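Student: Give me a model of this one.
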Amino acid sequence: MALDHLTPIIILATANDYQDGKRTRLLVKEKKMIHDIFQAESAQTLYYIVDEDPEKGGFIFDIFRQHYFSPDVSILHISGFSMGETLHFRGGFGEEILTPKEFANQVAKFPNLKLIFLNGCATPQVLDELLAKDIPAVITTQVDFNRKKASDFTHTFYTGIARGLSINQAIERLAEKFPAYFQKNRVTYQLESDDFTWEGKEKSNNLAWGAYLLEGKETEREWKLPVRLPAEETIPDEPKKKGRGFMRISLIVILLATILGSGYWMGFPQKLVPKREHPDTCLFNNAGTYNILLLPLHEQANCEASDEFYLRAVWRRLIKLKNDGEGFDIQQLKDANCPASFEEAESMIRSCNANLVLWGDYTIPTNDAVSFNFQYLYTSKANTVKQGNLPLDMQMFLFSEESDLMASAVEDVVYWARGNSHFDRQEYKEATIFFEKMRVRDNPQLKFVDLKLAECYKQLGDYHMAKDHYDQALSLAPEDFEIFNERGLIYLQLKDYENALIDFKDATRINPQYAEAYFNLGVLYLNIDQFAKAVENVEKGQQIQPQGNRRYGVLAAIYAAQREEELFYSNFELALQNGADVETIMNYSAALKEYRNQPAFQKLIEKYQKK
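Tutor: Purely as a prediction, here's the structure:
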């Protein structure tokens, strides 16, 4: 089986059977039951079961080592019997008997593990160690020999999972079907005692049968098997080209003015798709979804050829986004022409009723490092189409084959495009939702995401959140004078003049020719009634930037605060002549409010508004 990188893996194992023939037969029978359940019930869901096979030397820890650090291992099911405080496995030297802590350390090597089902072999010590490794859900039963009820639990739970229920929903089914035997326990961590606790824990020394649900992991327990793709949505697997060998593939992400570069996958060009005319079957009909159209990924400077391997990788990430229920719909024109221009892509985004069009190209230089570039267009406000663009922070990264950058690249470009679509429409709250999703990847170079989030929160009036994101951006770019200036403006809004002064001065220290920071220093000194320093800094800014309206607006505010009415009006009029925004000037100082209702003020407003 060619395993899709996104296919969840379920590992089945046994413990504490002690080579006893009758015990072994019971555990083998239970594992076969799990296989049968998935074969019978999972026609619509995608999964892959890995089962130890000691008869062929496939011991459980051999399987573990094959999948260490794989993001796909989702469920670990261990059938066995409760026999003391250790777990006995069949395996190599030093792996036959593990303490609870040693076992938990092995399990912790599966970073996306959602559930461990200890069916029959659970102990309080094992449960505590697994919870300490942040396992979102642990289902436990204890049996010495009779496994009938434990097997009933298994059948009920995995039937729900195979049918597409979430972990939470499958656990609810267990609680409803076995109310006398099965408990749902919400587990909390007590900092004072450095211990996990749940209701009823202290009342019994025995481990109650049930589910132990770690607090703060609710989202992980909403996990479910992804939906299996319909036949028309799949791309058949193809063999890799021979002769390349297994190598470390480095991805160089090159961002040009019109290109978002961000992608990785293991493989090389395999199939050339002939050029065809654009099909007319791309129309999206789903109202209320964010529609994504995927076009071919082709060799650089060769739009006649398209690579199935990269197309398949990107398509799978888009399918995952769709199945995650975030309101996406996707289509691909696998055999369409590559867009020869952005004008052609714009035509396709409109004719297909899409919100986002993705395509790209790749090269394999002499050092076999794959250079992969995404290009995209997305719909903005008033149904206009904008060219996708990410700042230069994404210009170059190198990744090894263990990275999941292809996932990050595809999802990030979708989230970035959708977030900017909301941002352009001034839907700042909605924009933050998608920009925040990009930050999940914790790429140390993504300062521009924090800058975008800071701007959203500033527009929403949440200056504390805006400041937090400027803080994060500065931690990534500690010599960026523009970020210092922007954070200084946030401090001004918060009336934290001391920190605002520090930030504006840092901006001028890093770039002494940055006029905006001097103008902002003028506003700062104005607000703390140091008028001479305010004028001095405005004049410095004016020397650097003699054109524009900033100096006139700030000077007008300074003279208004000093009740120099003639100087106020002369500078205010100059500011309006040069296109200054009235409300921006009014925010410089509270002293300006008393002028708003004066006839001379109103006359100037009417005069320049007409223009």
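Student: Which secondary structure state does the closest residue in space to I49 that isn't next to it in sequence sit in?
Tutor: The shortest distance from I49 to any residue other than its chain neighbours is 4.9 Å, reached at I10 (CB to CB, 6 or more residues apart in numbering). For every residue, glycine as well, the C-beta is placed using N, CA and C. Under the three-state scheme (DSSP: H, G, I helix; E, B strand; the rest coil), the conformation of I10 reads as strand.
Student: Tell me what I10 is bridged to.
Tutor: Under the criterion DSSP bridges, I10 forms beta bridges with I49, I75.
Student: Could you list which residues are in contact with it?
Tutor: The contact partners of I10, by CB atoms under 8 Å, 6 or more residues apart in numbering, come to I34, Y47, Y48, I49, V50, S74, I75, L76, H77.
Student: Which residue ranges of the stretch 151-300 of the chain form helices?
Tutor: Under the criterion DSSP state H, counting those that start in this stretch, the stretch 151-300 of the chain carries helices at the ranges 167-177.
Student: Tell me where it has strands.
Tutor: 183-190, 195-197, 210-214, 251-252, 290-299 (DSSP state E, counting those that start in this stretch).
Student: For those, give me JSON lines that also has mean pLDDT.
Tutor: Formatted as JSON lines, the entries for the strands of the stretch 151-300 of the chain read as follows, by pLDDT from 0 to 100:
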{"stretch": "strand 183-190", "mean pLDDT": "87"}
{"stretch": "strand 195-197", "mean pLDDT": "84"}
{"stretch": "strand 210-214", "mean pLDDT": "92"}
{"stretch": "strand 251-252", "mean pLDDT": "27"}
{"stretch": "strand 290-299", "mean pLDDT": "83"}
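Student: what's around the residue nearest to A15 when sequence neighbours are not counted, how many residues?
Tutor: When the adjacent residues along the chain are set aside, A15 lies closest to G80, with 3.6 Å between them (CB to CB, 6+ apart). Applying other CB atoms under 10 Å, we find 28 residues neighbouring G80.
Student: does G80 really touch L27, like I thought?
Tutor: Yes: counting by CB atoms under 8 Å, G80 touches L27, with 6.7 Å between them.
Student: And the contacts of I10, which is closest to E566?
Tutor: Proximity of these to E566, judged by CB to CB, is greatest for S74, which lies at 74.4 Å.
Student: per-residue confidence at the closest one?
Tutor: According to the per-residue confidence, S74 scores 92 in pLDDT.
Student: Would you confirm that it contacts W223?
Tutor: Yes: counting by CB under 8 Å, W223 is a contact partner of S74 at 6.8 Å.
Student: who's more crowded, the two?
Tutor: Using other CB under 10 Å as the criterion, S74 and W223 rank with S74 on top: 24 against 20.
Student: In contact with the more buried one: list those residues for me.
Tutor: For S74, the set of contacting residues under the criterion of CB under 8 Å, 6+ apart consists of P8, I9, I10, N112, L113, K114, L115, W223.
Student: picking that back up, now render the contacts of I10 as CSV, adding distance to T159.
Tutor: Listed next are these as CSV, based on distance: CB to CB, whole Å:
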residue, distance to T159
I34, 10
Y47, 13
Y48, 18
I49, 15
V50, 20
S74, 17
I75, 14
L76, 19
H77, 14
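Student: Run a quick neighbour tally on G388.
Tutor: Summarising burial for G388: neighbours were counted as other CB under 10 Å, giving 20.
Student: Give me the pLDDT for it.
Tutor: The confidence metric pLDDT takes the value 73 at G388.
Student: List just the nearest of the contacts of I10 to A132.
Tutor: L76 (15.9 Å).
Student: can you give me the helices in the stretch 501-611 of the chain?
Tutor: In order along the chain, the stretch 501-611 of the chain carries the following helices (DSSP H, counting those that start in this stretch): 515-527, 531-544, 550-561, 565-577, 582-586, 599-610.
Student: okay, these in JSON lines with distance to G120 and mean pLDDT next?
Tutor: Rendered in JSON lines, the data for the helices of the stretch 501-611 of the chain read as follows (distance: least, CB to CB, whole Å; pLDDT from 0 to 100):
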{"stretch": "helix 515-527", "distance to G120": "68", "mean pLDDT": "95"}
{"stretch": "helix 531-544", "distance to G120": "75", "mean pLDDT": "94"}
{"stretch": "helix 550-561", "distance to G120": "74", "mean pLDDT": "92"}
{"stretch": "helix 565-577", "distance to G120": "79", "mean pLDDT": "92"}
{"stretch": "helix 582-586", "distance to G120": "70", "mean pLDDT": "88"}
{"stretch": "helix 599-610", "distance to G120": "80", "mean pLDDT": "85"}
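Student: so which of the ones you listed gets nearest L358?
Tutor: Counting by CB to CB, L358 lies closest to helix 515-527 out of the helices of the stretch 501-611 of the chain; the figure is 36.2 Å.
Student: who touches that closest one?
Tutor: Under the criterion CB under 8 Å, 6+ apart, external residues in contact with helix 515-527 comprise 481, 484-485, 488-489, 492, 495, 497, 500-501, 504-505, 507-508, 511, 531, 533-535, 537-538, 540-542, 544-545, 550-551, 554-555, 557-558, 561, 588-589.
Student: ok, 7 Å please
Tutor: Residues outside helix 515-527 that contact it (CB atoms under 7 Å, 6 or more residues apart in numbering) are 485, 488-489, 492, 497, 500-501, 504, 507-508, 533-534, 537-538, 540-541, 544-545, 550-551, 554, 557-558, 561, 588-589.
Student: how about that helix as PDB, C-alpha atoms only?
Tutor: Below are the C-alpha coordinates for helix 515-527, written out as PDB (Å, rounded to 0.1, in the frame of the first residue of the first chain):
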ATOM      1  CA  ALA A 515      11.200  61.100   9.400                       C
ATOM      2  CA  GLU A 516       8.100  59.500  10.700                       C
ATOM      3  CA  ALA A 517       9.700  58.700  14.100                       C
ATOM      4  CA  TYR A 518      10.600  62.400  14.500                       C
ATOM      5  CA  PHE A 519       7.100  63.500  13.700                       C
ATOM      6  CA  ASN A 520       5.800  61.000  16.300                       C
ATOM      7  CA  LEU A 521       8.200  62.300  18.900                       C
ATOM      8  CA  GLY A 522       6.700  65.700  18.200                       C
ATOM      9  CA  VAL A 523       3.200  64.300  19.000                       C
ATOM     10  CA  LEU A 524       4.600  62.600  22.100                       C
ATOM     11  CA  TYR A 525       6.200  65.700  23.500                       C
ATOM     12  CA  LEU A 526       3.100  67.600  22.700                       C
ATOM     13  CA  ASN A 527       1.100  65.200  24.900                       C
END
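Student: The residue nearest to A15 reaches G120, doesn't it?
Tutor: Yes: taking contacts as CB atoms under 7 Å, G80 lies within contact range of G120: 5.2 Å.
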